[in-house]
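Asks: Mind looking at a prediction? Sequence and model below.
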Amino acid sequence: MASDLDVDAVLAAGWADPKTFSPQEWARAEEFWLERRKDDARLLEVRERASALITEWTGRTPHDVGSFGTRVNLESSDLDLGIGYPVAEREELMAALEGRAVFKGERKTSFSTTRLVFSFELDGVEIDVSALTEDDFAVACRMLDQIEEGMDRDERIAHTWVKHLLRSSGRLDDYARWKLVVYARYCPEFNWVPIPE
């Protein structure tokens, strides 16, 4: 069944307003989102164990910085966790994670800062770990708290559905940009670029 949502209009508006969905489209969007939620308990349990491991290895407590944390995820096979870590001690971090996580590279976080990205697997779930500067981590945590407080259930459903429509129709550039919309809305000064899926 083809979508009747004007996705281009949503992209132009920069936000998915649940009120613009037809009743039929909304029913499909809500069903899709609720299907994703069936994995929440399992992912929360994996996230808790992954966080404990990261804390043990690095001495830093991670925060969920990905789409699962904001409940706009399409997948149930990966988690994105972030930690704050002093830039001057990154070599020590690399040594601490050697043999425990794969180093995926250094990525830009803003115009002036970068983060180190690592990955490991736990119970079939890929755990991506971003080591941000301590200042960037503080901003990211504040942003995620603002999303948690400000974004309601219907907005999460609408945003997730648009993500799904963009990816399933092969509009991958639009999809990549859309993934950043929530972050930009709640924290315009933070140039968060998620790890490509």
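Replies: Alright, I've got the coordinates.
Asks: middle-most residue in this protein, spatially?
Replies: The centroid of the chain falls nearest to Gly66 when counting by CA atoms, centre = their mean (2.0 Å).
Asks: ok but that residue is inside a strand, no?
Replies: No - following the definition DSSP: H, G, I helix; E, B strand; the rest coil, Gly66 is coil and is not counted among the residues of a strand.
Asks: any idea how far the residue lying closest to it once chain neighbours are set aside is from Gly99?
Replies: The spatial neighbour of Gly66 that comes closest, neighbours along the chain excluded (CB to CB, 6 or more residues apart in numbering), is Asp80 at 2.8 Å. Yep, even glycine has a C-beta here, placed from its N, CA and C like the rest. Taking CB to CB, to the nearest Å as the measure, Asp80 and Gly99 are separated by 22 Å.
Asks: more crowded one of these two?
Replies: For Asp80 versus Gly99, neighbours defined as other CB atoms under 10 Å are more numerous around Asp80 (23 against 7).
Asks: May I have the secondary structure class of the more buried one?
Replies: In three-state terms, and counting by three-state DSSP, Asp80 is strand.
Asks: For this structure, which segments count as strands?
Replies: Assigned strands in the chain, in chain order: 63-64, 78-84, 102-108, 114-122, 125-132 (criterion: DSSP state E).
Asks: residues in contact with the helix ranked longest in the chain?
Replies: If you go by DSSP state H, the chain has its longest helix at helix 40-58. Applying CB atoms under 8 Å, 6 or more residues apart in numbering, the set of residues contacting helix 40-58 from outside is 60-62, 64, 68, 71, 76, 79, 81, 83, 85, 93, 96-97, 100-101, 120, 122-123, 125, 127, 129, 131.
Asks: Tell me the helices and strands packed up against the lowest-mean-pLDDT helix or strand in the chain.
Replies: Of all the helices and strands that make up the chain, helix 181-186 has the lowest average by mean pLDDT, DSSP states H and E, namely a mean of 88. Here helix 181-186 touches helix 134-150, going by 3 or more CB pairs under 8 Å, 6 or more residues apart in numbering; DSSP states H and E.
Asks: which ones are touching the closest residue to Thr160 other than its chain neighbours?
Replies: Excluding its sequence neighbours, the residue lying closest to Thr160 (CB to CB, 6+ apart) is Val72, at 4.7 Å. For Val72, the contacting residues are Arg156, His159, Thr160, Lys163, Val182, by CB under 8 Å, 6+ apart.
Asks: Right, I'll leave it there.
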